[in-house]
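Trainee: Here is a sequence with its predicted model. Questions after.
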Amino acid sequence: MLDAPPVIYWSAITLEAGASPEDLADVHGSLCDSWSTADLAPLGFHERLREPWFVRPPGELGTTAPPPELEIVRVSTPSEVVEFEAVSVRGFGDEDAGIDAGALHPATILADARMTMLTGRVNGRPVAAATGYRTDEAVGIYGVATIASARRRGYASALTRALLEPTLPAVLSPSPEGEGMYRRLGFGRVGELCQWERR
């Protein structure tokens, strides 16, 4: 039996507003109800959080270059996964935050060709991170974070732009602080998602 994935990885996503609880009865871990319509409490789930849901339609972004000092690294080795994980935790927490390697992002994630993990470095120091998950239907943008001392310099925007595919829509759930940046990139709010969890 496989270990349960970390809560940040969804085990399932509802793709239609009419998904019934019975359709989701076998799901364990975290589940994203994109429509916030399913009541999964009777199945033993508990609601973890609700977030705004933004979509960007397909289309070109223009030619804005990333900040010249920013090196965008596509994570491709186990040591780069550890670096990515560490800067992510520092970006979402404080700059002294730490985590055991592999607690959120095991190196085996590199085997999934649909997953793209980017680390932003300045002078060789990791300062930002972002993840994209590409399907045939859309690109999901997740975990965009910049450490506090490196914010407001365009790093998160540059990493997000690097994950977008001009021929596919993109979806994400922004923090209140990030909403303005995503709107400037062409995202708009279309609703609210609900995250449920069952272990």
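Mentor: Alright, I've got the coordinates. These figures come from a predicted structure and were not determined experimentally. Residues are numbered from 1 along each chain as shown.
Trainee: for residue 74, what are its contacts?
Mentor: 116, 117, 118 (C-beta atoms under 8 Å, 6 or more residues apart in numbering). Glycine gets a C-beta too; all of them are placed from N, C-alpha and C.
Trainee: On the strand side of things, show who it bridges to.
Mentor: Beta bridges link residue 74 to residue 118 when assigned by DSSP bridges.
Trainee: Next one, pLDDT for the residue nearest to residue 59 when sequence neighbours are not counted please.
Mentor: Spatial nearest neighbour of residue 59, excluding adjacent residues (C-beta to C-beta, 6 or more residues apart in numbering): residue 166 at 6.3 Å. For residue 166, the model assigns a pLDDT of 93.
Trainee: what about residue 166, distance to residue 140?
Mentor: In this view, residue 166 and residue 140 are 16 Å apart by C-beta to C-beta, to the nearest Å.
Trainee: for residue 110, same thing?
Mentor: Counting by C-beta to C-beta, the gap from residue 110 to residue 140 is 18 Å.
Trainee: more neighbours, those two?
Mentor: A direct count of neighbours by other C-beta atoms under 10 Å for residue 110 and residue 140 places residue 140 higher, at 20 against 16.
Trainee: what's the one helix or strand that one maps to in contact with?
Mentor: For residue 140, the host element (DSSP states H and E) is strand 139-146. Applying C-beta under 8 Å, 6+ apart, the external contacts of strand 139-146 come out as 8, 87-88, 90-92, 120, 127-134, 153, 155-156, 159-160, 163-165, 168-172, 178.
Trainee: buried set for the helix or strand that it is followed by?
Mentor: Next helix or strand after strand 139-146 toward the C-terminus (DSSP H and E): helix 155-163. In terms of neighbour count (16 or more other C-beta atoms under 10 Å), helix 155-163 has its buried residues at 155, 156, 157, 158, 159, 160, 161, 163.
Trainee: by contact count, what packs against the helix or strand just after helix 155-163?
Mentor: Scanning forward in sequence from helix 155-163 by DSSP H and E, the next helix or strand is strand 170-172. Judged by 3 or more C-beta pairs under 8 Å, 6 or more residues apart in numbering; DSSP states H and E, strand 170-172 is in contact with strand 46-56, strand 139-146.
Trainee: Next, the buried residues of strand 170-172.
Mentor: For strand 170-172, burial by neighbour count (16+ other C-beta under 10 Å) applies to 170, 171, 172.
Trainee: What strands line up against it, and which way round?
Mentor: Using DSSP bridges, the strands paired with strand 170-172 are strand 46-56 (antiparallel), strand 139-146 (parallel).
Trainee: Of the buried residues of strand 170-172, which is the nearest to residue 48?
Mentor: residue 172 (17.3 Å; C-beta to C-beta).
Trainee: Tell me what the closest residue to that closest one other than its chain neighbours is bridged to.
Mentor: Nearest non-adjacent residue to residue 172, counting by C-beta to C-beta, 6+ apart: residue 141, 4.1 Å away. Note on residue 141: beta-bridge partners residue 132, judged by DSSP bridges.
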